[in-house]
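# after the sequence you'll find the predicted model.
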4 protein chains.
Amino acid sequence: MEQRILLTECTDATGLIAKVTGVCFKYQYNIVHQDQFASEDKRFFMRSVLEGNFENKDNFLSEVRSLLPQGAKVRLNDQKRRRLAVLVTKEAHCLGDLLIKAYSGALNADIVMVAGNYNTLEDLAAKFNVPFHLVSHEGISREEQEERMCKLLDEYNPDYIVLAKYMRILSPKMVSHFPLGKLINIHHSFLPAFIGAKPYQQAFDRGVKIIGATAHFVTDNLDEGPIIEQDVIKVNHRYSAETMAKAGRDVERLVLMRALNKILDDKVFIHGNKTVVF
Amino acid sequence: MEQRILLTECTDATGLIAKVTGVCFKYQYNIVHQDQFASEDKRFFMRSVLEGNFENKDNFLSEVRSLLPQGAKVRLNDQKRRRLAVLVTKEAHCLGDLLIKAYSGALNADIVMVAGNYNTLEDLAAKFNVPFHLVSHEGISREEQEERMCKLLDEYNPDYIVLAKYMRILSPKMVSHFPLGKLINIHHSFLPAFIGAKPYQQAFDRGVKIIGATAHFVTDNLDEGPIIEQDVIKVNHRYSAETMAKAGRDVERLVLMRALNKILDDKVFIHGNKTVVF
Amino acid sequence: MEQRILLTECTDATGLIAKVTGVCFKYQYNIVHQDQFASEDKRFFMRSVLEGNFENKDNFLSEVRSLLPQGAKVRLNDQKRRRLAVLVTKEAHCLGDLLIKAYSGALNADIVMVAGNYNTLEDLAAKFNVPFHLVSHEGISREEQEERMCKLLDEYNPDYIVLAKYMRILSPKMVSHFPLGKLINIHHSFLPAFIGAKPYQQAFDRGVKIIGATAHFVTDNLDEGPIIEQDVIKVNHRYSAETMAKAGRDVERLVLMRALNKILDDKVFIHGNKTVVF
Amino acid sequence: MEQRILLTECTDATGLIAKVTGVCFKYQYNIVHQDQFASEDKRFFMRSVLEGNFENKDNFLSEVRSLLPQGAKVRLNDQKRRRLAVLVTKEAHCLGDLLIKAYSGALNADIVMVAGNYNTLEDLAAKFNVPFHLVSHEGISREEQEERMCKLLDEYNPDYIVLAKYMRILSPKMVSHFPLGKLINIHHSFLPAFIGAKPYQQAFDRGVKIIGATAHFVTDNLDEGPIIEQDVIKVNHRYSAETMAKAGRDVERLVLMRALNKILDDKVFIHGNKTVVF
């Protein structure tokens, strides 16, 4: 018995669950688990974990689609192991976590490459036999650097591109080179507080008692993309901007990892500028 | 359009969701939200928030039942406002929270009576015009005290009896006087740590760095009933058993309130010695 | 043996702890607990819990002052029970918590009055025999309403004025009527995220996964005063702005209460636009 | 200007802070930060971060000792980089975190060796050029295995021995081979709940809503040593014992790392069967 995940997204209407689960029953797909959500603006999202024999899956999908409102997106995940590309600058904590998790079997994906605008983390990637590419920004234009990066990424054909503390702002052109949902960023603040540069310095200057991190999909608007996951830690007057940054690293890597796990489990839908995370 | 909650519990089988949602669709009951869970030991639980016209609800329920495995429990909640009885001893924080929440409309139930083995909190109940009954344990046997309490509770016919820091251990006889699920207790520790008397003193003696509270249904086995909700707070070497107890009160009242809200929203199923909380 | 709290604040210098504790030793004041902090900008803060006989406290204070840098602020708290005035609008949860805590002895202060721009909570204050004053804003200018409120507050001579969901923005004139540190506000967002009106609606619109509350001293700049305490709770796509607001109430009252307890324990220093909270 | 940490522990008495800080002032050691604690059973603990010229430190220490009650322990840390030995079995998450943190400079110590009763993690240690030793328990007695391990550990002369999911119970003989405070264990439950084997299975069977991890010093009594740090995460009915274990790994590594950082910062005192953690 195989397990597959069915993802349904369409305009909300009465009877959607009955219709989809009716077809599942007809094809003898047992529903191991199911989550659904209808938004205030009448959008319906459903994730169904099915168990069965999926030889007839094309017929199954046609039948489901035929019962749903026009424009419905229906997808049965293909169980192929996902490919991750990781972009970095100099900080090791997020990449290190990804590599260790992948190494120990705790990440349900393969890290197929790491690219950085510095080569600081080349050695770390090498320890885990992951190819590292330096795409320096020095001496060339932003456009040129981004073109090289996009070309490189395209060669690896990754399912997701993880900005694991890649400390460069992506131009709208680079963002639009990839479909929405492919670029995932970890931002070192509890967005929308402290948008932009040096969030820990901003947090220190403001005297907040809590700092956080935010994993989000990347869109044209800097730090404004759909939020996937957030978490925080308490700080106090004894923290400098530097010790906040140090303490924040643990939140950053945890938040990024949780977001990534949700995505790899096909639990994340993008809904306008928000997410539905089952 | 009315909203009702449909609760389904039965042996797990293929097609259960399709069957129930199919009947919903037939009766034009829109499923606003639905949660389901199938346990490792093959028990199926589902909570469906339905929207529609429930004039034919008896037919609807018969039809649902006819499709489910034998012994299935199906219930459409009746939307009557629930009645709570609250048992107390001397501590005001849980009762106070309940009364304020009821007063301000934040509790989806009526507190119909308070009973205590001391009269310390009579005045507090009176402020909110809730009848208070003293059922002292002094000078009488445990059995006699419990009989009086049960008789009194029966008169009020409550849906739930909340032990809001009622510092007496209920005898098996008293427990069995009520159906499982009716008696809710807040225990001042992170169960199963520190079972029994003086958990804060035990926590202090052990030198733990975290203390907690546990809301659970009451069963014959002291502190062993199905856990509904738990939460914790951090402590350190500066805490005495007394300051732990003081700090713990906020967790106690929050945990009790969250558990109660879940119950009043019909989100809690009892599953053996555990709970399913949607 | 009496307990008193000594609060020291001055320009940082070598030997400050030795000097102050030396005088304590000379007067046979045992230091039960002591916290100190020197900020990056060279300001020294110390809180010492002393135990002893304080008949000679004036001499003691003179001696301490004589050893500290010029402009040092030294204060031995007087142990008088503090007087709180509470300003409200319509929401009961913060006031309710304050009243219950005061009633049950869990608040180390007296609530001497409640004033509101609506009389919604008059009845609640009355239950606990606390005078309530309606200072409506209807039909009069902001200035006029604030003058009435200030006059009323002055009559009660409170140590602290707690804005317990008082949904009006105080003018600079009203703010400056009181010394910095006297006005305490609970803001229903995790500042500096969602400054201004309707923070829950803003949080909903942004799709955040965490919401929070902030207790801060009130200054001229709206929502920019020194932060005393913050906390957060997790939310998800199922929350509307309304259910966020409902869920947020528990954080608001807890954060306000923790901030207040810190203040009443003389653990809070104001340091520019920040706080030092021991 | 050098920084050193002064650790003082003795019977509590009046004037201890004044005496120690007086000597600091005399030697022109600036106190950058200081924490102290006097326990209910009259034990005094103090940690002072001093800044100055420590050429005369022997005189300084003699002078401090001469002023303190008999039996006082006074220690000025020597700033030598600490040496960690890590014991493992098969799980990679704690060791992986330690290696990455050491590699990236986020651990204030050197990992001088890893030893395991299986060779599963040999390859991981090798990636970071840390010597790995297999000390198998197969085919030999517990005593024999422990003797080999102790001999090996002695050769490396580590400051601390970290049991990073070393899934063997140490005999009293092995425990007593090392001074109290040298052996640090991470236990995969929120002690004292679920002492002993298979805590996640126990947690699953009990139906708890929160699971946790505990870092503690190792003593003769299994899982009863002084607790250094604890933390928890929420779980629900959807978790199996296996998914609890998986989710628990993040808490385990974080709790172990926090405990270790506190120890390496000289912030942990052992006090009977408890700890004082500044």
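That came through, no problem.
# for chain B, what are the nearby residues on chain A?
Contact residues (Cβ under 8 Å from any Cβ of the partner chain) of chain A with chain B: A:14-15, A:17-19, A:21-22, A:24-25, A:28, A:30-38. For glycine as for every other residue, the C-beta is placed from the backbone atoms N, C-alpha and C.
# just the ones of the residues you listed in strands?
Using DSSP state E, the subset of these located in strands is A:30-38.
# the residues you listed: which ones sit near chain D?
residue A:33.
# run through who's touching stretch A:32-41.
Residues outside stretch A:32-41 that contact it (Cβ atoms under 8 Å, 6 or more residues apart in numbering or on different chains): A:3, A:12, A:16-17, A:21, A:44-51, A:267, A:271-272, A:276, A:278, B:17, B:31-38, C:237-238, C:240, D:238.
# only alpha carbons, please: show it as CSV.
What follows is stretch A:32-41 as a C-alpha-only set of coordinates in CSV (Å, rounded to 0.1, in the frame of the first residue of the first chain):
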residue,chain,number,x,y,z
VAL,A,32,-5.3,8.5,6.6
HIS,A,33,-5.5,12.2,7.4
GLN,A,34,-7.2,15.2,6.0
ASP,A,35,-7.0,19.0,6.7
GLN,A,36,-9.1,21.6,5.0
PHE,A,37,-9.6,25.3,5.3
ALA,A,38,-12.0,27.8,3.7
SER,A,39,-10.8,31.4,3.9
GLU,A,40,-12.9,34.5,4.5
ASP,A,41,-12.5,35.4,0.9
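# checking my notes, residue A:151 in a strand, right?
No: going by DSSP: H, G, I helix; E, B strand; the rest coil, the assignment for residue A:151 is helix, not a strand.
# quick one on the thing from earlier: between the ones in strands among the residues of chain A next to chain B, which is nearest chain D?
Of all those, the one with the least separation from chain D (Cβ to the nearest Cβ) is residue A:33, at 7.8 Å.
# so that closest one bridges to which residues?
Here residue A:33 sits in beta bridges with residue A:49, going by DSSP bridges.
# again, but for residue A:113
With DSSP bridges as the rule, residue A:113 is bridged to residue A:85.
# what do you get for residue A:184?
Residue A:184 forms beta bridges with residue A:162, residue A:217, as assigned by DSSP bridges.
# also residue A:74?
residue A:8.
# quick check: residues of chain A near chain D?
A:33, A:91-93, A:96-97, A:99-100, A:103-104, A:106, A:124, A:127-128, A:238, A:246, A:249-250, A:254, A:257.
# could you turn the buried ones of the ones in strands among the residues of chain A next to chain B into a PyMOL selection?
Selecting only the buried entries of these in PyMOL, with 16 or more other Cβ atoms under 10 Å in any protein chain shown as the criterion:
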select buried, chain A and resi 30+31+33+34+35+36+37+38
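# JSON lines please, covering the ones in strands among the residues of chain A next to chain B and showing pLDDT.
Shown next, in JSON lines, are those (pLDDT from 0 to 100):
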{"residue": "A:30", "pLDDT": "91"}
{"residue": "A:31", "pLDDT": "92"}
{"residue": "A:32", "pLDDT": "90"}
{"residue": "A:33", "pLDDT": "92"}
{"residue": "A:34", "pLDDT": "94"}
{"residue": "A:35", "pLDDT": "96"}
{"residue": "A:36", "pLDDT": "95"}
{"residue": "A:37", "pLDDT": "96"}
{"residue": "A:38", "pLDDT": "94"}
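# ok, so of the ones in strands among the residues of chain A next to chain B, who is nearest residue A:162?
Among those, residue A:35 lies closest to residue A:162 (Cβ to Cβ), at 24.5 Å.
# for the closest one, give its distance to residue B:30.
For residue A:35, the distance to residue B:30 equals 17 Å [Cβ to Cβ, to the nearest Å].
# kindly report the same for residue A:63.
From residue A:63 to residue B:30 the distance is 22 Å (Cβ to Cβ).
# residue A:138: how many residues sit nearby?
7 (other Cβ atoms under 10 Å in any protein chain shown).
# same question, residue A:244
Per other Cβ under 10 Å, the neighbour tally for residue A:244 reads 19.
# that one reaches residue A:198, doesn't it?
No: using Cβ atoms under 8 Å, residue A:244 makes no contact with residue A:198, being 10.8 Å away.
# interface residues of the stretch 101-250 of chain A facing chain C?
Residues of the stretch 101-250 of chain A that fall close to chain C, judged by Cβ under 8 Å from any Cβ: A:190-194, A:206-210, A:212, A:226-232, A:236-238, A:240.
# select from those residues every entry located in helices.
Secondary structure from DSSP state H places residue A:206 of those in helices.
# just the buried ones out of the residues of the stretch 101-250 of chain A next to chain C, please.
Buried subset of these (neighbour count, 16+ other Cβ under 10 Å): A:190-194, A:206-210, A:212, A:226-232, A:237.
# where do the helices of chain A begin and end?
Secondary structure of chain A (DSSP H): helices at A:16-26, A:57-67, A:93-103, A:122-127, A:142-156, A:172-176, A:199-206, A:241-264.
# re the thing from before, buried subset of the residues of chain A next to chain D, written for PyMOL?
Burial among the residues of chain A next to chain D is assessed by 16+ other Cβ under 10 Å; the matching PyMOL selection reads:
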select buried, chain A and resi 33+91+92+93+96+97+99+100+103+104+106+124+127+128+249+250+254+257
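# just to revisit the earlier point, adding mean pLDDT, write the helices of chain A out as a markdown table.
Listed next are those as a markdown table, based on pLDDT from 0 to 100:
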| stretch | mean pLDDT |
| --- | --- |
| helix A:16-26 | 94 |
| helix A:57-67 | 97 |
| helix A:93-103 | 97 |
| helix A:122-127 | 98 |
| helix A:142-156 | 98 |
| helix A:172-176 | 96 |
| helix A:199-206 | 94 |
| helix A:241-264 | 96 |
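# that's all I had, so thanks and see you.
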